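Asker: sequence first, predicted coordinates after that:
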Amino acid sequence: MQLEILTPEHKVFSGNVYGIQLPGIEGSFEILENHAPMIASLGKGKMKILKDKNNTELYEISSGFVEVLNNHASVLIEGATAMD
């Protein structure tokens, strides 16, 4: 699945991934390859990029949106802080 994560200031991530876990406004959810088309609002919380089944990147985000269409996910967020 192709993933792009953008803030108003810069591109946080762009590349092929296994999936992504996001903090929705009504609870966390996960998007994996071949997910149905959707648009969802994001709230404050942890965003985890699943690069493959063994490697991840973790960020703290405040709010934003995600759009999934044709095996491509676009995440538009206010800001992202990398976590260890």
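Answerer: Okay, I see it.
Asker: worst mean pLDDT across the helices and strands of this protein, which element?
Answerer: In the chain, the helix or strand scored least confidently by mean pLDDT, DSSP states H and E is strand 80-83, which has a mean of 93.
Asker: ranges for the helices of the chain?
Answerer: With DSSP state H, there are no helices along the chain.
Asker: looking at strand pairing, list the partners for residue 75.
Answerer: residue 5, residue 66 (DSSP bridges).
Asker: okay, the closest residue in space to residue 81 that isn't next to it in sequence and residue 75: tell me how far apart.
Answerer: Counting by C-beta to C-beta, 6 or more residues apart in numbering, residue 81 lies nearest to residue 60, which is 4.6 Å off, once chain neighbours are set aside. Every residue, glycine included, has its C-beta placed from N, CA and C. For residue 60, the distance to residue 75 equals 14 Å [C-beta to C-beta, to the nearest Å].
Asker: what touches both of those two?
Answerer: Common contacts of residue 60 and residue 75 (C-beta atoms under 8 Å, 6 or more residues apart in numbering): residue 47.
Asker: these two - which one has more neighbours?
Answerer: Between residue 60 and residue 75, counted using other C-beta atoms under 10 Å, the more crowded position is residue 75 (26 against 14).
Asker: where does the nearest residue to residue 44 once chain neighbours are set aside land on pLDDT?
Answerer: Leaving aside its sequence neighbours, residue 44 sits nearest to residue 62 (C-beta to C-beta, 6+ apart; 5.2 Å). Note on residue 62: pLDDT of 90.
Asker: perfect, that will be all.
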